[in-house]
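Engineer: model this:
(chains A and B)
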Amino acid sequence: MLYALLCYNDEAVTTAWTKEEDDAVMERLHVVHRELEAEGKLGPSIRLMPTSAATTLHKAKDLVIDGPYAETKEALLGFYIMDCANLDEALDAARRLGVANPGGAYEIRPVSLFREALDLK
Amino acid sequence: MTDLAWIDAAITAARPQAVAALLRYFRDLDVAEEAFQDACLRALKSWPKNGPPRDPAAWLILVGRNTGIDGVRRRSRQAELPDEDQISDLEDVEDDLADRLDGADYRDDVLRLLFVCCHPDLPPTQQIALALRIVSGLTVKEIAKAFLVGESAMEQRITRAKARIAQGSVAFGAPGAVERSERLAAVAAMVYLVFNEGYSASSGEQTLRAPLCEEAIRLARLLLRLFPTEPEIMGLLALMLIQHARASARFDAAGEIVLLEDQDRSRWNRKFIDEGLVLIDKAMRHRRPGPYQVQAAIAALHARATRAEDTDWREIDALYAVLERLQPSPVVTLNRAVAVSKVAGPQAALAMVEPLADKLSGYFYFFGLKGGLLLQLKREREAKEAFDRAIALANTAAEAAHIRMHIDRMIQDAKAS
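Structural biologist: Just a heads-up that it's a prediction; the model follows:
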């Protein structure tokens, strides 16, 4: 089963990290990323720019609004696509990532359609 | 991250919001700061035991408010009772707090806190020092280091600034739309001052002062989260991100200045540049151009050029013309002359620069640019004169060294020919 791991955290905290703190978090995460890759679980990982870079289109009225759609304290900051046997395995992966990067939450959301597309990197 | 590191990060992030709300309650900077400090001490005791609160800022405000009230009561035994409005909002119940924090109150609180630091009577350096101390929570020692002055001198500077503010009156009611936008403009200017204080550092000082640039960027992010539809705040953040992206390419190994056109562009921070470009894109959609947006657009044109020779100088010239109209200043015209020299040649640029002589007679860059233009026109003797003036006016050793390099090259060329 494919799962999306949606990463939520308080942006006031993550954007207050110094470059060194940010690098340290990413370094710890990369260790887990490599493990999960070796286990054949980790697909694409995406880190989003801060919500201040976001623009939202409200479809019905074609209204373009600055900022993210959901104005929540904890914002969607990125996501992973993972191939896990079941929810337990996905939760286990999320816990390991959480040790490397505490604070906030991971929403584990099963994927219903995954369309292979262009390699955009 | 260890417990302590996490708590530290949470407190740093909550600080502007918490101190701002406490300032609204107590209407006194010192009391608000003290209350916040007390709340932090309690957080250090309580959070590792009980786990982090769901909303650290709300927790700190509530605890800070209670300890602050105790402090006001203690003092009131010695002094007269405080005015009723000094301890206003005492009846607020806890449930109410989280609601207010999400609302416009919080936005105006933080804006007010920043605006307090921009008091027009305060010289820019004091505004910056105060903002770094009160809003960012840097220690006096850290600020002194960034300003390259002693700790006690900085302590004095901050104390004096606070005293000046205490005499003035700060409006604690919710600001109207016009007042809000005036405050926002003053605060944006102050944030850009913080940035430039770090950006204008020489290479030797850079490691000490670069945190000022990062702090300014953090403050601009905070402003943009509060005012997500303000194109000038988008422009301000974009401008600083793109300028800061070049930080590691601006000096060579020997600490000499590397000019924009000679910089190793692979060392520019693409992540910052990309975010800056996105923000400019968003800002332009509002069709309300302002000085920060135009400056950011100029910086973006440099950032978009893969090689220096790919730079779109014609567009940069046009943008400087817009900036001259929005914010007329001899320095803007001087900067435009650089673009003009690329588009129309050194003669046209020199004609633009020369009328500025009176206004910029004490300005290093004026003589640096004039010397460079004269050199291109093969008027070596006059170029040497201008370069000599530039060296005399240089603010840092690296600036002087950079001009000397021009003179040395000139002498070598003269010998060679």
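
Engineer: Going by C-alpha atoms from here, please, whenever you check contacts or count neighbours.
Structural biologist: Will do.

Engineer: Give me the nearest residue to the residue of the stretch 101-250 of chain B at minimum distance from chain A, chain neighbours excluded.
Structural biologist: Closest to chain A within the stretch 101-250 of chain B is residue B:229: 5.6 Å, counting by CA to the nearest CA. Nearest in space to residue B:229, with sequence neighbours left out and distances taken as CA to CA, 6 or more residues apart in numbering or on different chains, is residue A:66 at 5.6 Å.

Engineer: Quick check: phi and psi on that neighbour?
Structural biologist: Main-chain torsions, residue A:66, degrees, to the nearest 10: phi -70, psi 140.

Engineer: same question, the one 5 residues further on
Structural biologist: Per-residue torsions, residue A:71: phi -90, psi 80 (degrees, to the nearest 10).

Engineer: How many residues are close by it?
Structural biologist: Counted with other CA atoms under 10 Å in any protein chain shown, the neighbours of residue A:71 add up to 10.

Engineer: what separates it from chain B, distance-wise?
Structural biologist: Relative to chain B, residue A:71 is positioned 10 Å away (CA to the nearest CA, to the nearest Å).

Engineer: can you pull the contacts of whichever residue of chain B sits closest to chain A?
Structural biologist: Residue nearest to chain A within chain B (CA to the nearest CA): residue B:13, separated by 5.0 Å. Listed by CA atoms under 8 Å, 6 or more residues apart in numbering or on different chains, the contact set of residue B:13 reads A:12, A:13, A:16.

Engineer: Please spell out which residues along the helix ranked longest in chain A are buried.
Structural biologist: Counting by DSSP state H, the longest helix found in chain A is helix A:19-38. Using 16 or more other CA atoms under 10 Å in any protein chain shown as the test for burial, helix A:19-38 gives A:25, A:29, A:32, A:33, A:36.

Engineer: Kindly report the same for stretch B:288-302.
Structural biologist: Result for stretch B:288-302 [16+ other CA under 10 Å]: buried residues B:289-302.

Engineer: do the same with stretch B:165-176
Structural biologist: residue B:165.

Engineer: Show me how far it is from its chain's centre.
Structural biologist: Computed by CA atoms, centre = their mean, to the nearest Å, the separation of stretch B:165-176 from the middle of its chain amounts to 23 Å.

Engineer: how far does it stretch from start to finish?
Structural biologist: This stretch, stretch B:165-176, spans 22 Å end to end (CA to CA, to the nearest Å).

Engineer: lowest average confidence, helix or strand, in chain A?
Structural biologist: For chain A, counting by mean pLDDT, DSSP states H and E, helix A:11-14 ranks last in confidence among helices and strands (a mean of 86).

Engineer: what stretches of the stretch 251-400 of chain B score poorly on pLDDT?
Structural biologist: By pLDDT under 70, the stretch 251-400 of chain B has no low-scoring segment.

Engineer: where do the strands sit along it?
Structural biologist: In the stretch 251-400 of chain B, no segments count as strands under DSSP state E, counting those that start in this stretch.

Engineer: and the least confident helix or strand of chain A, what other elements does it pack with?
Structural biologist: Helix A:11-14 is packed against helix B:3-26, with contacts defined by 3 or more CA pairs under 8 Å, 6 or more residues apart in numbering or on different chains; DSSP states H and E.

Engineer: which outside residues touch the helix or strand just after the helix it packs on?
Structural biologist: Counting by DSSP states H and E, the next helix or strand C-terminal to helix B:3-26 is helix B:29-50. Contacts with helix B:29-50, where a contact means CA under 8 Å, 6+ apart, come from B:3-4, B:7, B:11, B:18-19, B:22-23, B:26, B:53, B:60-61, B:63-65, B:67-68, B:134, B:162.

Engineer: Just the pLDDT for residue 32.
Structural biologist: Here I'm looking at chain A. Looking at residue A:32, its pLDDT is 98.

Engineer: try again with chain B
Structural biologist: pLDDT at residue B:32 comes out at 91.

Engineer: and what of residue B:81?
Structural biologist: 46.

Engineer: swap in residue B:91?
Structural biologist: In this model, residue B:91 carries a pLDDT of 39.

Engineer: Next: the one 3 residues further on.
Structural biologist: With respect to pLDDT, residue B:94 scores 44.

Engineer: and if you look at residue B:170?
Structural biologist: Taking residue B:170 on its own, its pLDDT is 69.

Engineer: which secondary structure element contains residue A:112?
Structural biologist: Assigned by DSSP H and E, residue A:112 belongs to no helix or strand.

Engineer: bridging residues for the residue most central in space within chain A?
Structural biologist: Of all residues in chain A, the one closest to the mean position by CA atoms, centre = their mean is residue A:79, 2.3 Å from it. Residue A:79 has the following beta-bridge partners by DSSP bridges: residue A:6, residue A:46.

Engineer: can you tell me which residues contact residue B:286?
Structural biologist: Contacts of residue B:286 by CA under 8 Å, 6+ apart are residue B:231.

Engineer: rerun that using 10 Å as the cut-off
Structural biologist: For residue B:286, the contact set (CA atoms under 10 Å, 6 or more residues apart in numbering or on different chains) comprises B:229, B:230, B:231, B:232.

Engineer: can I assume residue B:232 is in contact with residue B:186?
Structural biologist: No. With contacts counted by CA atoms under 10 Å, residue B:232 stays clear of residue B:186, the gap being 12.0 Å.

Engineer: neighbour-wise, which of those two wins?
Structural biologist: Between residue B:232 and residue B:186, counted using other CA under 10 Å, the more crowded position is residue B:232 (25 against 17).

Engineer: And chain A, is the helix or strand harbouring residue B:238 touching that?
Structural biologist: For residue B:238, the element it lies in under DSSP H and E is helix B:231-245. Yes. With CA under 10 Å from any CA of the partner chain as the criterion, chain A is reached by helix B:231-245 at B:231, B:234, B:237.

Engineer: of those, closest to residue B:327?
Structural biologist: residue B:231 (16.6 Å; CA to CA).

Engineer: Around that closest one, how many other residues sit close by?
Structural biologist: 26.

Engineer: is it true that it touches residue B:293?
Structural biologist: Yes. Using CA under 10 Å, residue B:231 is in contact with residue B:293, at 7.3 Å.

Engineer: Alright, calling it a day.
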